[in-house]
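Undergrad: My questions concern the predicted model and sequence given below.
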Amino acid sequence: MGSNSFRLQVGRIVGNQIYPLDGLKETVRLAAGLTPEKHLDEAAQQRALAALARFGERLRDFAPEAVRAVATNTLRVARNAPQFLMEAEAALGFPIEVIAGREEARLIYLGVAHTLPNPHVRNLIVDIGGGSTEFIIGQNIKPLQLESLYMGCVSFSLRYFPEGRVDKRSMNEAELAASRELQTIAKAYRDTSWDAAVGSSGTAKAIRDILELNGYADGNITRAGLERLRNCLVKAGGAERAGLQGMRPERVPVIIGGVAIMSAVFKEFDLEEMNFSEGALRLGVLYDLLGRYHHEDLREATVSRFMQRYEVDPQQAARVSLMALKLYRQLRSTDLVENSVNAQFLSWAARLHEIGISVAHAGYHKHSAYVLANADMPGFSKRDQALLARLVLAHRGKLERVQTLTQTMPEYLPIFCLRIAALLHRARDDEPVPEIDVSITAKGYELNIDRTWLASAPLTAAVLASETQQWASVAIEFRVRAKLQRVATEA
């Protein structure tokens, strides 16, 4: 769900490759509906919902795990995005992830890398979208630099070329604004260096086609050809009056903003020529989904890297994770835990719940939640990160705090499992833990624990007693029953 167009791509898996099977495109121009107060207006919402309803019909028989929907810059910045997304998901029939700019850049590179004739050389990828432009330097499948700048063909066209009018002054202002954005990354990118420049997505494709069809360049985007196109647009006073071959009607309102950004890119990166790749975000999303299907989930690698970066105690993380999943299995016995999304997030939260200790021990769960909500986490959408942050914030302390963070019912079942697991392993040792039986009751949760063990652990008994008050604060009953049971280590 881009800022200019929405695209649906259906792929067929053969081995480890994806072959396009079907595709749909709707020019929604979502960014054009952003008000000065950063609210998405009603007209843009209705265009988007209508497109998603049509996409939803095409996807109606797809399994949930075979579909991934992502949204980009406009829904990153729109203040009413949460309300709109509820309607959008209902229209589409599947969850929608709003991805961060750097995550968008990573997925773009993943798509482009699978279409490059020579991915072994170092490539600079430039993807001018409707509301943002992504820049990646990568080699093979590995990105070396990732950045997303808040400038796009729709936003620049609206800001600098109202009603499609262009003159020398407005073009210079737009190029200067783009150059100022580019200067924040230009030195780091030049220091990394690249062997070839590649453009991807609609703006680059439109510019390439126009240059070729009008004899300004031969198959690629060139500095000389781009200059001729720029001058033609300025002289004509607008794209509609330029009489250019290959100017598709849906590109007329936004092409000038794209040309201004591309001209600044060529100047700041000192480019002479840029190739074009058909691979882009939608193909990258498909390959990322394929990786999850083959259990090569980048999110797993990200969790491991965060544990290393924040020096998490791996033994304690493993203890809490194992216990949390053990409790989850009892409460969701019908779930296949290995394929359960909730269990997956519970495991990640358990392994990351102590990353905030690297900031300060006091209130570390708050520090952990802040990092997880705001850090760049490759593979995770903003919604994924918000879920992790809520689970981690709720693993200790006041439950009321979590209730105020979400408009819907908080994820109390995984929160319950994580809180009890962290509580039982507070000693941070490998002493045997008694068999725990948990169940869901009509009003909440019940925990059965060995009476003899509990009598020998007065601190745990006291904390369990206080837990009943915490759950009562969110109108959920939590009962602890002490029974005579055998003591055993965790399987």
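TA: The structure has been received and is ready for your questions. Computed from a predicted structure; not experimentally measured.

Undergrad: Residue 74 is in contact with residue 30, isn't it?
TA: Yes - with contact defined as C-beta atoms under 8 Å, residue 74 counts as touching residue 30 (4.5 Å). C-beta coordinates here come from the backbone N, C-alpha and C atoms, glycine included.

Undergrad: list residues touching both of those two?
TA: 3, 40, 130-131 (C-beta atoms under 8 Å, 6 or more residues apart in numbering).

Undergrad: of those, closest to residue 394?
TA: residue 40 (30.4 Å; C-beta to C-beta).

Undergrad: can you tell me which residues contact that closest one?
TA: Residue 40 makes contact with 30, 33-34, 74-75, 78, 80-81, 84 under the criterion C-beta under 8 Å, 6+ apart.

Undergrad: at 10 Å what do you get?
TA: If you count contacts by C-beta atoms under 10 Å, 6 or more residues apart in numbering, residue 40 has them with 30-31, 33-34, 48, 74-75, 77-81, 83-84.

Undergrad: Leaving out sequence neighbours, find the closest residue to it.
TA: In this structure, residue 40 finds its nearest non-sequential neighbour in residue 78, 4.5 Å apart by C-beta to C-beta, 6 or more residues apart in numbering.

Undergrad: For residue 302, see how far away the one you found is.
TA: 26 Å (C-beta to C-beta, to the nearest Å).

Undergrad: distance between the ends of stretch 389-397?
TA: End-to-end span of stretch 389-397 (C-alpha to C-alpha, to the nearest Å): 14 Å.

Undergrad: Buried residues in it, which are they?
TA: Within stretch 389-397, the residues that count as buried by 16 or more other C-beta atoms under 10 Å are 389-396.

Undergrad: any residues touching stretch 163-175, and which ones?
TA: 151, 156-157, 159-162, 230-231, 233-242, 252-257, 259-265, 267-268.

Undergrad: Give me the ChimeraX select line for those residues, limited to the buried ones.
TA: What follows is the ChimeraX syntax selecting those of these that are buried according to 16+ other C-beta under 10 Å:
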select :151,156,157,160,161,230,233,234,238,239,242,252,253,254,255,256,257,259,260,261,262,263,264,265,267,268
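
Undergrad: chain center to the helix-or-strand element of the chain with minimal mean pLDDT, what's the gap?
TA: The weakest-scoring helix or strand in the chain, judged by mean pLDDT, DSSP states H and E, is helix 400-403 (a mean of 76). Chain-centre distance of helix 400-403: 24 Å, with C-alpha atoms, centre = their mean, to the nearest Å.

Undergrad: go on, stretch 255-272?
TA: Counting by C-alpha atoms, centre = their mean, stretch 255-272 is centred 27 Å from the centre of its parent chain.

Undergrad: just stretch 97-105 next, same as before
TA: 4 Å.

Undergrad: Only C-alpha atoms, please: export it in PDB.
TA: Provided in PDB are the C-alpha atoms of stretch 97-105 (Å, rounded to 0.1, in the frame of the first residue of the first chain):
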ATOM      1  CA  GLU A  97       1.500  -4.000   8.600                       C
ATOM      2  CA  VAL A  98       2.800  -0.400   8.600                       C
ATOM      3  CA  ILE A  99       6.600  -0.900   8.000                       C
ATOM      4  CA  ALA A 100       9.300   1.600   9.000                       C
ATOM      5  CA  GLY A 101      11.400   3.400   6.400                       C
ATOM      6  CA  ARG A 102      14.500   1.300   6.800                       C
ATOM      7  CA  GLU A 103      12.500  -1.900   6.800                       C
ATOM      8  CA  GLU A 104      10.900  -0.700   3.500                       C
ATOM      9  CA  ALA A 105      14.400  -0.100   2.200                       C
END
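
Undergrad: one step back: out of the buried residues of stretch 389-397, list just those in helices.
TA: Among the buried residues of stretch 389-397, the members falling in helices (DSSP state H) are 389-393.

Undergrad: Would you reformat those as CSV and include pLDDT and distance to residue 416?
TA: Formatted as CSV, those follow (pLDDT from 0 to 100; distance: C-beta to C-beta, whole Å):
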residue, pLDDT, distance to residue 416
389, 93, 17
390, 92, 13
391, 94, 11
392, 95, 14
393, 94, 14
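
Undergrad: Could you single out the nearest of those to residue 342?
TA: Using C-beta to C-beta, residue 391 comes nearest to residue 342 of those, at 9.9 Å.

Undergrad: Spell out which helix or strand contains the nearest residue to the closest one once chain neighbours are set aside, please.
TA: Leaving aside its sequence neighbours, residue 391 sits nearest to residue 349 (C-beta to C-beta, 6+ apart; 3.9 Å). Following DSSP states H and E, one finds residue 349 within helix 341-352.

Undergrad: what sits up against the following helix or strand past that helix?
TA: Following helix 341-352 in sequence order, the next helix or strand is helix 364-374 (DSSP H and E). With C-beta under 10 Å, 6+ apart as the contact definition, helix 364-374 has outside contacts at 100, 306, 309-310, 312, 348-349, 352-361, 363, 377, 380, 382, 384-397, 401-402, 405, 422.

Undergrad: Cool, thanks, signing off.
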